[in-house]
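In: here's my sequence, what's the structure:
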Amino acid sequence: MSQISTLERLSAGSKLDWITGRPTPIDFGGPVDVPFESTGLVSMMDGIERQALLRPDKLAVEDGEKALTYAELVDRMRGLRRRILNIVPPGGVVAAVVHNSAAATVAMSAAVSSGRIFVPIDAGHPVERQSALFAESGAHAVLLAKGVELDTRYIGPEVHRLEFDVDEVTGAEPGDPAKGDPTRPGMVMFTSGSTGRPKGLAFGVGDSEQLRRYVEKFHLNADDVFISLASLSQTGAADLIGLTVGATVRIVDVKRRGMMEALRVMGEDGVTFLSFVPSVLRTLMALPGVDQAMRSLRILDLHGESILASDIALFRSKLPAQCCISITYGSTEAGAVFSWFVRDEAITGAVAPIGYLASGKSVALIDETGQPVRAGEVGELLVRGRMALGSWMKGQLSDARFMKDPDDPRSRIYGMGDLVRQREDGLFEYVGRRDRQIKIRGLWADLGEIETALRSSEGVADAAVVVRKRAGEADTLAAFVAMIEPHARPDKAQLRRNVVSATAEHMAPSEIRTLEAIPRLANYKPDLRRLSALLDDCGD
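Out: Numbers count the residues shown, from 1 in each chain. Model (predicted):
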C-alpha cells in the first residue's frame with residue numbers, strides 16, 4: 001500500500017496500534033559515568049550566551065584558519081543578528097552561502113537567534129545546486145563571508161547581501177535572542193534532490209526538551225571536543241548543541257581538505273565526539289594512524305545507513321576501550337526515530353539493530369492493506385511525533401508530505417517507507433525499503449538486502465545495486481562494489497554465491513562492476529542516478 005493511501009486512511013479516521021515508550025533509559029549502555037548538566041537549558045541561543053558568560057576565553061569553534069572564543073563568537077553573532085533584524089522582516093527568510101567553517105557557525109547562530117527563517121547553503125556544492133537551493137529558499141537576504149570568492153551570479157539584485165567578517169569585533173549590545181517557536185518555521189534543510197529538484201523541509205527551532213534529551217543521552221559537557229565533517233546543508237543546528245554546554249567544535253571541510261586532515265585534527269585536538277555515516281568511516285578506519293587519531297574518542301554516533309555487525313567489529317578494533325558506539329536511525333523528515341548504545345551481545349545477525357524507540361516518538365507498523373501487523377512481524381513504518389513542519393517550496397510551507405496528528409497539534413504523522421520489525425527485547429530491526437522492492441522474473445527482490453550481502457563479503461568496502469532497464473527486455477540487477485584494497489579484483493562468482501546464500505537465487509546480480517568508490521550525494525547516500533548512467537559506459 002502506498003504512503004499516500006495510508007495517510008488518506010488515517011485522515012479518514014482509521015485507528016492504528018501505536019507503539020510508545022522504550023524499555024531502557026536513553027543513555028542505557030552509554031557513558032553513564034560521565035558527569036553532565038542539562039538543567040537550565042532553555043534554548044540553544046540562551047545556552048551559547050550563558051557559556052560566553054561562564055567561559056568567555058575558552059575556544060568555541062575553529063576551522064583550521066579561523067578560531068573564535070565564546071566571547072568572540074557571541075560578539076560576532078550579536079553584530080550579524082542586529083544587521084539581519086534591520087533588513088529582514090519578521091517571518092522573512094535569510095540564506096547563508098558559506099563553506100563548512102567558523103563563518104557558518106556565526107551565520108547560523110545569528111540567523112537562528114534573530115527569529116528569521118534560516119536556509120544554509122554549502123558553498124562547496126556545485127554552483128548549479130547552490131542556485132537550485134537558493135531559488136527554493138525565497139530568501140530576502142543572503143549572508144556571505146567576507147574575502148571568500150564565490151560564484152553568486154544566481155543571487156538577484158533584489159536580494160540584500162550581508163557580508164560579515166569573523167575577525168571583526170562588532171561591539172554589539174547583548175539584546176534578547178529570539179526564543180524560537182517549535183511550531184513555526186525557523187530553519188529549512190534540503191534533502192539530496194537525487195530526482196533532480198531539491199526537496200526543502202521546514203523545521204521549528206527552540207525545542208528545549210529535544211535539546212535536553214540530546215545532552216542527557218550522550219552526557220555532553222564542557223570537556224567535549226566535537227568534530228564537524230558533514231555538509232553545511234545537512235547538519236542543521238546539530239553543531240550548535242555542543243556549544244550550549246561549553247564544548248569546543250572543531251570544523252573540517254573534508255571536501256576541500258580531505259579525510260587525512262580530519263584524522264590529524266582528531267588526534268591533535270583530542271576529539272571526543274564524532275557523528276558520521278558508516279560507509280565513509282569504513283574507509284577512514286583503513287587509513288594509517290587511525291588508532292592514535294581516535295584515542296580520545298568517547299562517543300561514535302553512527303547514522304544514515306544500515307550498520308553491519310562487521311562494521312561494529314571493525315570500529316571496536318580501532319577505537320579506545322572507553323568509546324561508546326551509538327546508532328541513531330531516522331530521516332531528515334522525521335528526525336531520530338530509534339537509537340541505542342550498541343551492546344555486542346544484542347547483535348544476532350549480519351545487520352545491527354537500529355535501536356529502541358527514541359524519546360518523543362511513537363511508531364506503528366502496517367501491512368500492505370494498511371492494517372497493523374502482529375507482534376514480531378515486518379511492517380511498513382509510520383512515525384508520530386515532533387518532526388519537520390512540512391515541505392518548503394519557493395519560500396512557502398506545505399503539509400503535502402505530512403499529516404497532522406489529531407491528538408496533538410504540535411505533532412506530525414509521516415510514512416517513512418521503511419520495513420522494520422520489533423524484537424521481544426524492544427529493539428527494532430531494519431529489513432528494507434518499500435520503494436526498493438522490485439520484481440525480477442516475477443519474484444520480489446529487495447535491493448537493500450542485496451547490498452547488505454555484498455558489503456558483508458570478504459574484501460568489499462562498499463556496494464550499491466541498481467536496476468538495469470532495456471527496452472523490450474526484462475529488468476536485471478547490476479551491482480557496483482568498492483574493494484577494501486583499491487586495486488583488488490573481486491571474485492564475482494563468489495559474490496553472487498554470497499548474495500544467494502543470504503537472500504535468494506533470483507536476487508543474484510546479473511552483472512557486477514568495480515569502482516574505486518561508490519559515488520555519493522551530499523548526504524552520503526549512494527548517487528543512484530550516476531550509477532545508472534555508468535551502466536551505459538564500457539568497463540568491467
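
In: and the nearest residue to His303 once chain neighbours are set aside, what is it in contact with?
Out: Closest residue in space to His303, ignoring its immediate chain neighbours: Thr328 at 4.4 Å, by CB to CB, 6 or more residues apart in numbering. C-betas here are computed from N, CA, C, even on glycine. Contacts for Thr328 (CB atoms under 8 Å, 6 or more residues apart in numbering) come out as 275, 301-303, 336, 338-339, 355, 358.

In: try 10 Å
Out: By CB atoms under 10 Å, 6 or more residues apart in numbering, the contact set of Thr328 is 217, 275, 301-304, 335-340, 354-355, 358.

In: what does Leu319 give?
Out: Contacts of Leu319 (CB under 10 Å, 6+ apart): 274, 285, 290-291, 294-295, 297-298, 300, 325.

In: filter those down to the buried ones, PyMOL style.
Out: In PyMOL, this line selects whichever of the contacts of Leu319 come out buried by 16 or more other CB atoms under 10 Å:
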select buried, resi 274+285+290+294+297+298+300+325
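
In: would you map the strands across the stretch 301-450 of the chain?
Out: 324-331, 335-341, 356-357, 361-366, 379-385, 390-393, 396-398, 403-405, 408-422, 428-433, 437-440, 443-446 (DSSP state E, counting those that start in this stretch).

In: other SSEs contacting the helix or strand Ala453 falls within?
Out: Assessed by DSSP states H and E, Ala453 sits inside helix 447-455. Other helices and strands packing on helix 447-455, by 3 or more CB pairs under 10 Å, 6 or more residues apart in numbering; DSSP states H and E, are helix 278-284, strand 428-433, strand 437-440, strand 460-468, strand 476-483, helix 492-502.

In: for these, which has the smallest mean pLDDT value?
Out: Here the helices and strands packed on helix 447-455 differ in mean pLDDT, and the lowest is strand 437-440 at a mean of 76.

In: ok now that strand, how far from the chain's centre?
Out: Relative to its chain's centre, strand 437-440 lies at 28 Å (CA atoms, centre = their mean, to the nearest Å).

In: now do stretch 497-506
Out: 31 Å.

In: now do stretch 429-449
Out: With CA atoms, centre = their mean, you get 24 Å for stretch 429-449.

In: start to end distance for that stretch?
Out: For stretch 429-449, the separation between the terminal residues is 13 Å (CA to CA, to the nearest Å).

In: and Asp46, how many neighbours?
Out: Using other CB atoms under 10 Å, Asp46 has 20 other residues around it.

In: check what pLDDT the nearest residue to it once chain neighbours are set aside gets.
Out: Nearest non-adjacent residue to Asp46, counting by CB to CB, 6+ apart: Pro177, 6.7 Å away. Per-residue confidence at Pro177 stands at 74 (pLDDT).

In: who touches Pro177 in this structure?
Out: Pro177 touches 43-46, 48-49, 74, 77-78, 81, 109-110, 112-115, 206, counting by CB under 10 Å, 6+ apart.

In: ok, of the residues you listed, which come out buried?
Out: 43-46, 48-49, 74, 77-78, 81, 109-110, 112-115, 206.

In: those in helices, which ones?
Out: Among those, the residues falling in helices (DSSP state H) are 44-46, 48-49, 74, 77-78, 81, 109-110, 112-114.

In: please name the residues that touch Gln210.
Out: 182, 204, 241, 335-336, 359-360, 386.

In: which ones among these lie within helices?
Out: Reading helices off those with DSSP H, I get Ile241.

In: farthest pair within the contacts of Gln210?
Out: By the measure CB to CB, Gly204 and Ser359 form the most distant pair in the contacts of Gln210, at 17.1 Å.

In: and the residue nearest to His303, what pLDDT?
Out: pLDDT for Thr328: 95.

In: what's across from it in the sheet?
Out: Note on Thr328: beta-bridge partners by DSSP bridges are His303, Ser339.

In: let's verify the residue lying closest to Tyr356 once chain neighbours are set aside: helix, strand, or coil?
Out: Once flanking residues are discounted, Tyr356 sits nearest to Arg22: 4.0 Å by CB to CB, 6+ apart. Classification of Arg22 by DSSP: H, G, I helix; E, B strand; the rest coil places it in coil.

In: for Ala488, see how far away Arg22 is.
Out: Per CB to CB, to the nearest Å, Arg22 is found 42 Å from Ala488.

In: okay, those two: which has more neighbours?
Out: With neighbours defined as other CB under 10 Å, Arg22 and Ala488 compare such that Arg22 has more, 19 against 12.

In: distance of that one relative to Met416?
Out: On the measure of CB to CB, Arg22 and Met416 end up 18 Å apart.

In: list the contacts for Arg412?
Out: So Arg412 contacts 333-334, 383-390, 399, 401-405 (CB under 10 Å, 6+ apart).

In: on the three-state scheme, Phe226 is what?
Out: Assigned with three-state DSSP, Phe226 falls in the strand class.

In: again with Met189
Out: Met189 - assigned by three-state DSSP - is strand.

In: what residues are bridge-paired with it?
Out: Assigned bridge partners for Met189, using DSSP bridges, are Leu201.

In: I'd guessed it sits against Val205; true?
Out: No. The criterion here is CB atoms under 10 Å, and Met189 misses it with Val205 at 11.5 Å.

In: circling back: any chance of the helices and strands packed on helix 447-455 in JSON lines, with distance to Leu535 and mean neighbour count too?
Out: Below are the helices and strands packed on helix 447-455 laid out as JSON lines (distance: least, CB to CB, whole Å; neighbours: other CB atoms under 10 Å):
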{"stretch": "helix 278-284", "distance to Leu535": "21", "mean neighbour count": "21"}
{"stretch": "strand 428-433", "distance to Leu535": "21", "mean neighbour count": "20"}
{"stretch": "strand 437-440", "distance to Leu535": "15", "mean neighbour count": "14"}
{"stretch": "strand 460-468", "distance to Leu535": "5", "mean neighbour count": "21"}
{"stretch": "strand 476-483", "distance to Leu535": "6", "mean neighbour count": "21"}
{"stretch": "helix 492-502", "distance to Leu535": "16", "mean neighbour count": "16"}
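
In: excluding chain neighbours, what is closest to Val106?
Out: Here the residue nearest Val106, using CB to CB, 6+ apart, is Arg76, at 4.7 Å.

In: then Ser137?
Out: Using CB to CB, 6+ apart, the nearest residue to Ser137 is Val119, at 4.2 Å.

In: you'd agree the one you found is up against Val112?
Out: No. In this structure, Val119 is not within contact of Val112 by CB under 10 Å, at 11.5 Å.

In: so what sits against both of these two?
Out: 94, 187.

In: which residues sit in contact with Asn258?
Out: For residue 258 the amino acid is Gly, not Asn. 252, 264.

In: and it, how far from Ser362?
Out: 42 Å.

In: and Ser101, by the same measure?
Out: Using CB to CB, Ser101 is found at 38 Å from Ser362.

In: those two: which is more packed in?
Out: Taking neighbours as other CB under 10 Å, Ser101 and Ser362 compare with Ser101 leading, 26 against 20.

In: look up the closest residue to that one, ignoring the ones flanking it.
Out: Asp63 (4.4 Å).

In: the one you found against Val148, yeah?
Out: No. Using CB under 10 Å, Asp63 is not in contact with Val148; the gap is 12.0 Å.

In: neighbour-wise, which of those two wins?
Out: Each of Asp63 and Val148 has its neighbours counted (other CB under 10 Å); Asp63 has more, 23 against 13.

In: residue contacts, the more buried one?
Out: With CB under 10 Å, 6+ apart, Asp63 has these contacts: 99-105, 166, 228, 249-253, 257, 265.

In: isn't Ser228 right up against Val249?
Out: Yes. Ser228 is within contact range of Val249, at 5.8 Å (criterion: CB under 10 Å).
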